[in-house]
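Chemist: Fold the following.
(chains A and B)
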Amino acid sequence: MLTLREVHAHYGKSHVLHGVSIDVGPGEVVGLLGRNGVGKSTTLKTIMGLVRASAGAVTFEGRDLVGLPTHRLPGLGIGYVPEDRRVFRLLTVLENLRTGLDRSVVTPARREELLEKVYRHFPVLRERRNQAGGTLSGGEQQMLAIARAMVLEPKIILLDEPTEGLMPRMVGQIREIIEILHKEGVAILLVEQNVPLTLAVSDRVYIMEKGVVRHEGTAAALRADDAVIHQYLGV
Amino acid sequence: MAGIPFEQFLVQTVNGLVSGMILALVASGLTLIFGIMDVVNFAHGDLLMLGAFVGSGVFMSSGNFWAALLAAVVVVAVLGALLQVTTLRPLLGRDPLTTILATFGISLVLQNYALWQWGPSARNITEPIGGQFRLLYLQYPVYRIAIALLSGAIIGGLWLFMKYGKYGIWIRATTQDRVMASAMGIPVPTVHAAVFAIGAGMAAASGVLFAPLVGVTQTIGLDFTLRAFVVVVVGGMGNLGGSILASIFVSLLEAYASLFVSPAQAVIVSFVVLVLTLLFRPTGLFVPTPK
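Modeler: Predicted coordinates:
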């Protein structure tokens, strides 16, 4: 469904991605592991068109994404949850969700359903719906960022370090929501530092090093043999 | 306050509120554009001027003030969107200095176009609401109150649109985080052009509303541009509510100051406020203290 082939990307003069190839199938949860600064977040940004791929191909359901304006991607079925969450701090929780809900293709009835659904998964967002996004705790902001992507009804969500800096209880909630999305058939490309979580929720895992994919395998195989993890991630 | 009769003080309060509301109408367009694009639009006063000229043209041929107001808003809004797309969009994300220079260039072009097209002599638009009412010791034109109310209504409309409208939320989201807004499917380039159109339309509206008081010349916008910049800075760059409060605050101060000194000297007060704001509270007077 989502395919990256030999993707290169630059930040100014520094060459960050050196030919990354990744596949995500429909409904598949794919983990992307690697140390800090190996290009995991850049990979997601390149898919979103926030960083321009200087070479290689990015396609989604056969459609070329390179050069497509970022704002066209949600309409194709791609949701994005960036690493620093980036909730709209001065917008209320409901207004944050409305940025994804107020699409012309969403009927009023469907709109209510979608809102009900995210409120059911994240009751705290219902409680705080009229509170500014910036006043939420880190974990609540993460939930809002995920909920905001969910109301886009995406076929795939690019999830960038959703558990970074969260309390263990919150990490458990994020894990639950990934599993729920998985059950609903939403594909997820999950960038994480949290190895146990990634291995637990993913179907397959890519490990990146210095801007390229060094290892690819099923999560089950990696769980059974931690030598690879040890080699590339030192844990 | 010794020696200033209370009646004079009240009259100046009304004067300050009236000019504050017009200024607020000019400044809210300016601050809206700054907030979303980080563009200091030096051509804002010229869009006001152009609105006044378009308005006077329609008024002379139709005799209808409201038709003139509507036509000016629509024409200048479209022009604003075109200017944004052709001149500012390619500069987005570059050094702010380049956009400042670009808007300054637009300003010069528009001024000279007006001079060439309409000549140096002033044109008139007759006020749609005549008559005067007795305000204490003087006869006060009803139209001045009407301008303040109309400006208030337009600003109120903008506020409701920004607060509750789908596109208002798009604009606020884009103001806060352009990148995330586009990742949510908001067509950011279109939002930018639309905001420029709204700002330009509001400038045109203030030009037409203000024209009956002073006549239309190609310099009608100059004074406004300067004062609108003052209140946009004093109100906190890009902060709509702050700009509106600052407009009224600065206008009231000027009105009271002119009780003691000549009106030309009273203008100094706004610049003193500007300098003091920049020195002691550069984020703006009417915004919460940043954490």
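Chemist: next helix or strand past the helix or strand residue B:156 falls within?
Modeler: With secondary structure defined by DSSP states H and E, residue B:156 is part of helix B:142-164. Counting by DSSP H and E, the next helix or strand C-terminal to helix B:142-164 is helix B:166-176.
Chemist: on that earlier part again, and the helix holding residue B:156, is it in reach of chain A?
Modeler: No. For helix B:142-164 and chain A, the contact criterion (CB under 8 Å from any CB of the partner chain) is not met; the two come no nearer than 9.2 Å. No exception for glycine: its C-beta is placed from N, CA and C like everyone else's.
Chemist: could you say what helices and strands that helix packs with?
Modeler: helix B:6-37, helix B:166-176, helix B:188-214, helix B:240-257 (3 or more CB pairs under 8 Å, 6 or more residues apart in numbering or on different chains; DSSP states H and E).
Chemist: Residues contacting the helix or strand that the shortest one is followed by, please?
Modeler: Going back to what we said before, that points to helix B:166-176. Next in sequence after helix B:166-176, counting helices and strands by DSSP H and E, comes helix B:178-183. Contact with helix B:178-183 is made by A:48, A:50, A:69-71, A:73-74, A:80, A:82, A:86, A:88, A:99, B:170, B:173-174, B:188, B:191, as judged by CB atoms under 8 Å, 6 or more residues apart in numbering or on different chains.
Chemist: So what's the gap between helix B:178-183 and the chain middle?
Modeler: 28 Å (CA atoms, centre = their mean, to the nearest Å).
Chemist: ok, residue 182 - how many residues close by?
Modeler: Chain wasn't specified; assuming chain A. 17 (other CB atoms under 10 Å in any protein chain shown).
Chemist: Actually, chain B is the one I wanted.
Modeler: So residue B:182, with other CB under 10 Å, has 25 neighbours.
Chemist: do residue B:63 as well
Modeler: By other CB under 10 Å, neighbour count at residue B:63 equals 10.
Chemist: which residues are contacting the helix or strand where residue A:95 lies?
Modeler: Using DSSP H and E, residue A:95 maps to helix A:93-101. With contact meaning CB under 8 Å, 6+ apart, helix A:93-101 is reached by A:74, A:87-88, A:91, A:111, A:114-115, A:118, A:125, A:128-131, A:133, A:136, A:144, A:147-149, A:151-152, B:166, B:169-170, B:172-173, B:181, B:184-186.
Chemist: Three-state assignment for whatever residue of the stretch 151-291 of chain B ends up closest to chain A, please.
Modeler: Scanning the stretch 151-291 of chain B for the residue nearest chain A gives residue B:185, at 3.4 Å (criterion: CB to the nearest CB). Using DSSP: H, G, I helix; E, B strand; the rest coil, the structure places residue B:185 in coil.
Chemist: wouldn't it be in contact with residue A:103 here?
Modeler: Yes. Residue B:185 lies in contact with residue A:103 (CB atoms under 8 Å); the separation is 6.6 Å.
Chemist: what are the phi and psi angles of the residue lying closest to residue A:144 once chain neighbours are set aside?
Modeler: Excluding the flanking residues, the one nearest residue A:144 by CB to CB, 6 or more residues apart in numbering or on different chains is residue A:87, at 5.0 Å. With angles defined as degrees, to the nearest 10, residue A:87 sits at phi -70, psi 150.
Chemist: residue contacts, residue 192?
Modeler: Let's take chain A. A:31-33, A:161-163, A:198.
Chemist: wrong one, I was asking about chain B
Modeler: Counted by CB under 8 Å, 6+ apart, residue B:192 has contacts B:36-37, B:84, B:88-89, B:92, B:174.
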